[in-house]
Each structure stands twice: as structure tokens, then as C-alpha cells.
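Q: build me a structure from this.
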Amino acid sequence: MATILLLETSAASLSAALSVNGTVTVKRVCTEPRQQASLAAPMVKEVLEEAGIPVSGCDAVCVSKGPGSYTGLRVGVSTAKGLCFGAGIPLLSVGTLDILVAQARLLPAADEFKYVVPMIDARRMEVYTAVFSPEGKQLSAVEARVIGPDAFEQELSQGSVLFIGDGALKCRDVIASPNARFLEAAPLAEHMAALAQEAWEQKRFEDMAYFEPFYLKDFVTTVSRKKLW
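A: You can find the predicted model right below:
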């Protein structure tokens, strides 16, 4: 059996969990925005203490690799690397969009959807997204996409489409189709369990020296308009 520490920091919320052979045994969630830098390490400590094991008692650490918040991803990956390096255990990663799709597959009406389209909020009407089958197979490349009235027109013409994620609701008034369903949701560590177990079984370990988050877009700095004096 594989005991895997799960860490999700890519969105506004923060979560950590522990899975044993793909089943979550301990979990923590913080919904207060932008607490990754201050709470990621303490949350991991809480999870391990409740499980009664040190990080060295885990077989691997799995982190969400993005796309998502630039700062959140950096905190998550840095924390995961530090844990792995210190404990001498391997690093795994899973895509943030895949985590949202895994959550969608747990819905009672999951079999009714022709496609699942996870959406992570970017700027204005832009989202990070891709098209997936209801079974979780990725059907299109991950992209940063500006949502207009004709977005996902082809998919919507074929049947019911679930748009899920923290970027879904802002698109509800733009994608005016009777086949569109919208669910606001945050990617959570507990929904990484099956994905992490699969990565472990397939030995998809990351190179800790070179692994970087999947930012998708470069970080953009802005100049404050506030007068300091």
C-alpha cells in the first residue's frame, strides 16, 4: 500500500490530506483566501500529527502542479520539494484541472454530461481550461482562454456540458446554452487521492532538481497607483 501526502495550493483555498492506497484518511481545508504561504506547512503538520506518522512514514508527497495562482503554486511546490528532500521520499504531481474533473466524477449526475470543462479563474473573462470526457480523459490542450458567447459551441451542440471550478460562475451569463451546467468549486487535496495513487503505481516521479509548476502564463507585475507620499 502507498501512503501519500496530498497538497493543493493552486487556487484561493488551501487543502492537505493523507491517502492510503487511494483512500483519504485525514484531510484539512482552509477556505480563507491567500493563506498558502502562512498555513501550508502548519496544515501539513496537522494532517501528519492526526495520522500519527512523520513525513518519512509516507511513501511520497503529491502536489497540484497547476495551472493556477502563481504564488500559490510556488508555495505548494516549494513545500512539497522540501518535505520530499528532507524525508528522502519521491515527489508526485497532478494537474489542477484533473483534480476538478475528479471532483465532477463524484457528482450524482456525472454520467449525464457529455463533456466536463474545468475552469480556473484568471483575469477578467479569461480562464485556464481544457475539455475532458466524463471518465476523466483529457480531450484538448490546457489553455488560457477568453470566454465569449461562442465558447465551447461545438461541445455544447453535442449534449450537456459541466463547467466546474472557481472560474465557472463568471462565465454563466456569457455561455447562454441550455446544455450548459455551472458548478463553482475549488480543487481540493482529497480529490487528488486516486490521481496520486495512479501516478505512484506508474512510477511517474518528478525530478526534484528541475520540476517547476505549470504556470501556463508568465507572472505579470503591476505598478501600484496609490500615492505613497
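Q: any idea how far the residue most central in space within the chain lies from E8?
A: Geometric centre of the chain, nearest residue: T96, 2.7 Å, by C-alpha atoms, centre = their mean. T96 sits 8 Å away from E8 when distances are taken as C-beta to C-beta, to the nearest Å. No exception for glycine: its C-beta is placed from N, CA and C like everyone else's.
Q: mutual contacts of those two, please.
A: S64, P187 (C-beta atoms under 8 Å, 6 or more residues apart in numbering).
Q: L162 belongs to a strand, doesn't it?
A: Yes. L162 forms part of a strand when assessed by DSSP: H, G, I helix; E, B strand; the rest coil.
Q: let me see the contact set for it.
A: Counting by C-beta under 8 Å, 6+ apart, L162 has contacts A104, L107, F113, Y115, V116, V117, R181, F182, L183.
Q: if you set the cut-off to 10 Å instead, what comes out?
A: 100-101, 104, 107, 109-110, 112-118, 132, 134, 168, 179-183 (C-beta atoms under 10 Å, 6 or more residues apart in numbering).
Q: and it, what pLDDT?
A: Listed pLDDT for L162 reads 98.
Q: tell me the bridge partners for it.
A: V116, R181 (DSSP bridges).
Q: domain boundaries for the protein, per the record?
A: When the chain is parsed with automatic domain parsing, its domains come out as 3-96+187-201, 97-183.
Q: how far is the shortest one from where the chain is centred?
A: Meaning domain 97-183. From the chain centre to the centre of domain 97-183 is a distance of 14 Å (C-alpha atoms, centre = their mean, to the nearest Å).
Q: quick one: end-to-end distance for that domain.
A: 14 Å (C-alpha to C-alpha, to the nearest Å).
Q: the first one now?
A: Domain 3-96+187-201 has its terminal residues 12 Å apart, counting by C-alpha to C-alpha.
Q: and the helices in the protein?
A: 36-51, 70-87, 96-104, 153-156, 193-201 (DSSP state H).
Q: out of those helices, flag the one nearest L14.
A: For these, the distance to L14 is smallest for helix 36-51, at 5.2 Å, taking C-beta to C-beta.
Q: re earlier: to M208, which of the domains of the chain lies closest?
A: domain 3-96+187-201 (5.3 Å).
Q: chain center to that closest one, what's the gap?
A: 11 Å.
Q: and that domain, average pLDDT?
A: The model assigns domain 3-96+187-201 a mean pLDDT of 96.
Q: begin at 480 from here
A: Done: numbering now begins at 480, and the last item shifts to domain 482-575+666-680.
Q: tell me how many other residues surround Q514.
A: 18 (other C-beta atoms under 10 Å).
Q: again with L571
A: By other C-beta under 10 Å, the residues close to L571 number 29.
Q: next: S548.
A: S548: 23 surrounding residues under other C-beta under 10 Å.
Q: touching, it and V554? I think so.
A: Yes. With contacts counted by C-beta atoms under 10 Å, S548 reaches V554, the gap being 8.9 Å.
Q: anything in contact with each of the two?
A: T488, S489, Q515, P692.
Q: what subset of the contacts of L641 is buried?
A: Among these, those classed as buried by 16 or more other C-beta atoms under 10 Å are 579-580, 583, 586, 592, 594-597, 611, 613, 647, 658-662.
Q: is it true that M598 touches F642?
A: Yes. Using C-beta under 10 Å, M598 is in contact with F642, at 5.7 Å.
Q: mind listing the shared neighbours of the two?
A: If you check M598 and F642 against C-beta under 10 Å, 6+ apart, the residues they both contact are V606, T608, I626, L648, C650, F661, L662, E663.
Q: and the closest residue to T502 other than its chain neighbours, how many neighbours does it have?
A: Ranked by C-beta to C-beta, 6 or more residues apart in numbering and with sequence neighbours excluded, the top spatial neighbour of T502 is A672, at 6.7 Å. Using other C-beta under 10 Å, A672 has 24 other residues around it.
Q: lovely, talk soon.
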